[in-house]
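Undergrad: here you go, sequence then predicted model.
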Amino acid sequence: AQSVTQPDIHITVSEGASLELRCNYSYGATPYLFWYVQSPGQGLQLLLKYFSGDTLVQGIKGFEAEFKRSQSSFNLRKPSVHWSDAAEYFCAVGQYNNNDMRFGAGTRLTVKP
Amino acid sequence: EAGVVQSPRYKIIEKKQPVAFWCNPISGHNTLYWYRQNLGQGPELLIRYENEEAVDDSQLPKDRFSAERLKGVDSTLKIQPAELGDSAVYLCASSQDGGSYNEQFFGPGTRLTVL
């Protein structure tokens, strides 16, 4: 079965600085990969997803992620963080036509002024 | 367009009491999911419905948890009796069809505290 590891529980960055959140997955076939964001008291919102094709995926709110098969990684990046980006970020892996989507434990992002 | 609606948003109960959560998915979405999110963890799937049919309930603790989706629209998740370890956020999500290709839209969740 697939699994996801987010090595960083909590990350603090200064506003305007760049951001990279790490995600490693375990899955035998080509995975479907997702990044979600969860603000306090809110549901999860999809930032971006990767199914196939170009390994650099653009998402909403200026986020992007790069799929690296050789490293089993799908790291999330943003060149310049805004205070409103403070939230919990979840990486998830799934399979086509199979809804056994597995989430990582999340990375909490704090943005310093 | 309204998103996924869940109620109540918060619930505090004594252990051994029953509790129920309600979810109304996005109009036209055939697939409905219930997840449990423990503190500091990602969501874990409890049950998935395709219309009225529960097609994946392998992770649902059937001794105390039950769910229904009458008429293939809104859904109710019940716990009876609740235990201390059931304290968590219960999330409902919906998608147009099953399969990871289709984006799941999440509701705000119900935060359950069992005392």
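TA: Yep, it's here.

Undergrad: residue in chain A nearest to chain B?
TA: Sorted by distance to chain B under CB to the nearest CB, the residues of chain A start with residue A:103, at 2.9 Å. Any C-beta I mention is one placed from the backbone N, CA and C, and that applies to glycine too.

Undergrad: now for the closest residue to that residue other than its chain neighbours, how many residues are close by?
TA: In space, residue A:103 comes closest to residue B:42 once its chain neighbours are excluded; the distance is 2.9 Å by CB to CB, 6 or more residues apart in numbering or on different chains. A count of nearby residues for residue B:42, using other CB atoms under 10 Å in any protein chain shown, gives 22.

Undergrad: same thing with residue A:53?
TA: A total of 8 residues lie near residue A:53 under the criterion other CB under 10 Å.

Undergrad: let me know the pLDDT of it.
TA: Per-residue confidence at residue A:53 stands at 86 (pLDDT).

Undergrad: likewise residue B:77?
TA: So residue B:77 comes in at 98 (pLDDT).

Undergrad: got it, and the one 5 residues further on?
TA: What the model reports as pLDDT for residue B:82 is 96.

Undergrad: that one in helix, strand or coil?
TA: For residue B:82, the assignment made with DSSP: H, G, I helix; E, B strand; the rest coil gives coil.

Undergrad: identify the residue spatially nearest to it, adjacent ones excluded.
TA: The spatially closest residue to residue B:82, leaving aside those adjacent along the chain, is residue B:114, at 4.8 Å (CB to CB, 6+ apart).
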